[in-house]
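Undergrad: the following block contains a protein sequence and its predicted model.
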Amino acid sequence: MQITVAEAVGVEGRGKFYEGTGALRDMVPSHLFQLLTLVAMEPPTCFAAESVRSEKTKVLDAVQRFGPEDARQNVVRGQYGGGTVNGRTIDPYRRAPSVASGSTTETYVALKLKVDNWRWAGVPIYLRTGKSLSKRRSEIVIRFKQAPLALFRDTPVESLTQNDLVLHIQPEEGVTLRFGAKIPGPEMHMGGVEMKFDYQDYFNAAPSTGYETLIYDCMNGDATLFKRADDIETGWRIVQPVLDAWSGEPGAEPPIYPAGSSGPQEADALLTRDGRHWRPLDDSAGGKSS
């Protein structure tokens, strides 16, 4: 599973806040863990707020905790340098107002998680978020396991198309299912195809920011989409060892990635060592260009 929350904007005048926060504190315990728990939780007994939030907390409680070595091996941080995003020249983070010239604050973080429960045991979960990246995109990608036995023997199908379920959250809302299909003809050749659902195309509904729903839920007293205290505390118990490991390396320079890129090379290496790769931010299945 891959969860991406990519932003094309930089700190945008929020340097004073961001300098003391960084990408890990700002995005992971709240935004990314919210997406993780909604996808990975078991079915609740009902859609009452407490039932849903209890199942979400169970997911975080099952996340394998980071030790100092785990934090070094399975967490990558980075900071954006100068570059171009959507045709606009971006100054390095260290030149932003209220940011120290030698700042080591991360504007990008990627991490690999393991969830120790019956459903997700052995399934690697990769999270990434960053600023001044090439595209604004929030999505969840679930890649299905390969079948243990290929029935197409003695046919040129050694490399079958991976089956992916992609949940598009921003800037477009929808779902894409990728799978393999036989190319018409007398011989067995497989090709990758897509089935795509887009809310705007089917329901003529313009994408919302999400805040409208939350404000409406506040007015109705519906806490389903809001984090509960134990959920928040459990999320911070996951990331705090990473922050502790970083604080034990004062002055350590985060890798610099060009603004307008997909992040630091070290984040690519995090998946490469597992024989995997990030879904490109500019993948056409991600929807229309933002």
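TA: That came through, no problem.
Undergrad: going by C-alpha atoms from here, please, whenever you check contacts or count neighbours.
TA: Will do.
Undergrad: low-confidence regions, the stretch 1-150 of the chain specifically.
TA: Along the stretch 1-150 of the chain, segments meeting pLDDT under 70 span 149-150.
Undergrad: can you give me the helices for it?
TA: Ranges of helices within the stretch 1-150 of the chain are 15-19, 22-27, 33-40, 49-61, 68-74, based on DSSP state H, counting those that start in this stretch.
Undergrad: turn the ones you listed into TSV, including mean neighbour count and distance to residue 265.
TA: Listed next are those as TSV, based on neighbours: other Cα atoms under 10 Å; distance: least, Cα to Cα, whole Å:
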stretch	mean neighbour count	distance to residue 265
helix 15-19	17	23
helix 22-27	20	17
helix 33-40	19	24
helix 49-61	20	28
helix 68-74	15	14
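Undergrad: same list (those helices) but as a markdown table, adding distance to residue 220.
TA: Below are the helices of the stretch 1-150 of the chain laid out as a markdown table (distance: least, Cα to Cα, whole Å):
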| stretch | distance to residue 220 |
| --- | --- |
| helix 15-19 | 32 |
| helix 22-27 | 27 |
| helix 33-40 | 21 |
| helix 49-61 | 12 |
| helix 68-74 | 41 |
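Undergrad: relative to residue 144, which of the ones you listed is closest?
TA: helix 33-40 (14.1 Å; Cα to Cα).
Undergrad: restrict the closest one to CA atoms and write it as CSV.
TA: Extracted C-alpha coordinates of helix 33-40, given in CSV (Å, rounded to 0.1, in the frame of the first residue of the first chain):
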residue,chain,number,x,y,z
PHE,A,33,-2.6,8.3,9.6
GLN,A,34,-6.2,9.4,9.0
LEU,A,35,-6.0,8.0,5.5
LEU,A,36,-4.2,4.9,6.6
THR,A,37,-6.7,4.0,9.3
LEU,A,38,-9.8,4.6,7.1
VAL,A,39,-8.4,2.1,4.5
ALA,A,40,-6.9,-0.5,6.9
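Undergrad: just how off-centre is it within its chain?
TA: Distance, stretch centre to chain centre, for helix 33-40: 10 Å (Cα atoms, centre = their mean, to the nearest Å).
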